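Asker: just a sequence and a predicted model for now, questions to come.
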Number of protein chains: 2
Amino acid sequence: MESISSSRSFAGIQGAYSHASTVTGTDMSFAVYVPDHEAGAKMPVLWFLSGLTCTHANVMEKGEYRRLASELGLVVVAPDTSPRGEGVPDDSSYDLGQGAGFYVDATEEPWADHFQMRSYIEEELPALIAEQFPVDMSRQGIFGHSMGGHGALTMALRNPDRFKSASAFAPIVAPSDCPWGKKALGRYLGENKAVWRDYDACALIEDGARFPEFLVDQGAADNFMEEQLKPHLLAEICEKASIPLTLNLRDGFDHSYYFISTFMDDHLRWHAARL
Amino acid sequence: MESISSSRSFAGIQGAYSHASTVTGTDMSFAVYVPDHEAGAKMPVLWFLSGLTCTHANVMEKGEYRRLASELGLVVVAPDTSPRGEGVPDDSSYDLGQGAGFYVDATEEPWADHFQMRSYIEEELPALIAEQFPVDMSRQGIFGHSMGGHGALTMALRNPDRFKSASAFAPIVAPSDCPWGKKALGRYLGENKAVWRDYDACALIEDGARFPEFLVDQGAADNFMEEQLKPHLLAEICEKASIPLTLNLRDGFDHSYYFISTFMDDHLRWHAARL
């Protein structure tokens, strides 16, 4: 693991790092914020998964999480959204390829060699974080935005023993049922839609996956809500499955980091109370 | 004036705008955050001047000022740091030309035609802000970072009737006495150093300019402190001139927005108490 940058910020250190990933076969970057702590202390860790086009840097620069994370003693980890670099396949559109990994393990060519973001976030990166940072891996939460909200919800549903808390900002809740998701899952996983269900929060719940409760914030002025995000589908399936869902529709807010940063404190407190 | 973007953020609206500037002869961009307010209310306005390489967008994205500015009812205006675009002279180095206007009215070629940032910030943009936004122009404060800290201190000292409060993050306090300033002032204003004194906070104070008090935060791990920023020069001249200066040296902090955002709340409260 190599340091890309390290800056004191509020009562802690914001770092960015790079390491050679075995599962993606590339160098991968990620950000970690570590609050000040007693020597030997181990803190709960909160994973933030970012949306389309983002790297680890977007939430690091615009997320406004450090003031409260340092007060609450939360380590915040922000991975990249895909493998990148020369030799890694890409697509000219913003919603496929580099910057658009969709947190799946791709099985189709040309993606399968590198686009293994599920295994990367579920297995390889946690092992590195556990080894290198002062974290208590028995206290993990996960959240994310848009494509990363999809990632957070699906990872939580598949790993209820690992994560004690999960929330999302404007998540894609049913990728099998929206243009972004159909395109990406089709290209990464092929056209057998049974395989997609493991990567679709609504389908996972329909198939029996459970999680204690979710918090979702959604901007009411978000241009992607109707066609891509469809929060009502999550509300419906959570109600059927008796999963408590706090779904806040926020008047006037769009899909940007101006929305995320506004409700960041609420999400940090939600996680801290459950970790 | 045209809208570039507008997003709800905390209890207010973050906008970015463009207009055709007469004094620079170019389109100029700027950001304005307007807290929610009663119809007809007019709020105090706080000017943030940015540093080398920045546009209006850097502090808008990374400054973390909206949560508290909305609570305090402060309109925050962030201008660009120079004219830009085709036909505007530039230099291949980051510390001269576009992104490096140094808040001066240039007199030398090729800069004089467009690089009129002093007149732009002191005259043209305030008139537009007064006309277009719900602001009380009898309650103005100014702050900034690095080159923009220099801008804030010098504008305050030259205009003590306009500004009721002034502060800075890691400002250049004596451009006549550091490499960045010598290069820029020499190229924009020529080599007659008597002319530079109007654009040098320490020289202005030495020449008799006064301001009620200043707040300055400076990261102790800032790589530019010794050679470029030299906060001790401001401390010395303020002491001689009996200008109260609160100079906070912050252990471990560098020159980045991670430093600025950490102490943003302190500066907003400082200004709000004086506006």
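Answerer: In hand now; what should we look at?
Asker: convert the C-alpha atoms of stretch A:71-87 to PDB, please.
Answerer: Taking C-alpha atoms only, stretch A:71-87 is exported to PDB below (Å, rounded to 0.1, in the frame of the first residue of the first chain):
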ATOM      1  CA  GLU A  71     -16.500  13.600  16.700                       C
ATOM      2  CA  LEU A  72     -18.200  10.200  16.500                       C
ATOM      3  CA  GLY A  73     -14.900   8.300  16.100                       C
ATOM      4  CA  LEU A  74     -15.800   6.700  12.700                       C
ATOM      5  CA  VAL A  75     -13.200   5.600  10.200                       C
ATOM      6  CA  VAL A  76     -14.600   6.300   6.700                       C
ATOM      7  CA  VAL A  77     -13.400   4.300   3.800                       C
ATOM      8  CA  ALA A  78     -14.100   5.400   0.200                       C
ATOM      9  CA  PRO A  79     -13.100   2.900  -2.600                       C
ATOM     10  CA  ASP A  80     -12.900   3.700  -6.300                       C
ATOM     11  CA  THR A  81     -15.800   2.700  -8.500                       C
ATOM     12  CA  SER A  82     -13.900   0.500 -10.900                       C
ATOM     13  CA  PRO A  83     -10.500  -0.600 -12.000                       C
ATOM     14  CA  ARG A  84      -8.700   1.900 -14.200                       C
ATOM     15  CA  GLY A  85      -5.700   2.400 -16.400                       C
ATOM     16  CA  GLU A  86      -4.100   1.200 -19.500                       C
ATOM     17  CA  GLY A  87      -5.100  -2.300 -20.500                       C
END
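Asker: between its first and last residues, how far does stretch A:111-120 reach?
Answerer: Distance between the two ends of stretch A:111-120: 14 Å, counting by CA to CA, to the nearest Å.
Asker: buried sites along it?
Answerer: A:W111, A:H114, A:F115, A:Q116, A:M117, A:R118, A:Y120 (16 or more other CB atoms under 10 Å in any protein chain shown). Backbone N, C-alpha and C define where each C-beta goes, glycine included.
Asker: now the fifth one: how far from A:P79?
Answerer: What that stands for is A:M117. Relative to A:P79, A:M117 is positioned 8 Å away (criterion: CB to CB, to the nearest Å).
Asker: just to revisit the earlier point, what would the buried residues of stretch A:111-120 look like in CSV with secondary structure, distance to B:L52 and pLDDT?
Answerer: As requested, these are exported to CSV (DSSP: H, G, I helix; E, B strand; the rest coil; distance: CB to CB, whole Å; pLDDT from 0 to 100):
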residue, secondary structure, distance to B:L52, pLDDT
A:W111, coil, 41, 98
A:H114, coil, 37, 98
A:F115, coil, 39, 98
A:Q116, strand, 41, 98
A:M117, helix, 37, 98
A:R118, helix, 42, 98
A:Y120, helix, 37, 98
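Asker: now do stretch A:191-206, average pLDDT.
Answerer: Averaging pLDDT along stretch A:191-206 gives 98.
Asker: swap in stretch A:73-92?
Answerer: Averaging pLDDT along stretch A:73-92 gives 97.
Asker: show me the contact partners of the helix or strand encompassing A:E239.
Answerer: Secondary-structure assignment from DSSP states H and E places A:E239 in helix A:231-241. Outside of helix A:231-241, the residues that reach it under the criterion CB atoms under 8 Å, 6 or more residues apart in numbering or on different chains are A:153, A:171, A:173-174, A:177, A:201-202, A:205-206, A:210, A:214, A:216, A:218, A:225, A:244-245, A:247, A:249.
Asker: which ones among the residues you listed lie within helices?
Answerer: Counted as lying in helices by DSSP state H, out of the contacts of helix A:231-241, are A:L153, A:A201, A:C202, A:I205, A:E206.
Asker: among the residues you listed, name the buried ones.
Answerer: Buried residues within the ones in helices among the contacts of helix A:231-241, counting neighbours by 16+ other CB under 10 Å: A:L153, A:A201, A:C202, A:I205.
Asker: list the contacts of the first one.
Answerer: With contacts defined as CB under 8 Å, 6+ apart, the neighbours of A:L153 are A:A166, A:A168, A:P171, A:V173, A:A201, A:F214, A:L234.
Asker: tell me which of the ones in helices among the contacts of helix A:231-241 is nearest to B:L125?
Answerer: Proximity of the ones in helices among the contacts of helix A:231-241 to B:L125, judged by CB to CB, is greatest for A:L153, which lies at 45.0 Å.
Asker: noted, bye for now.
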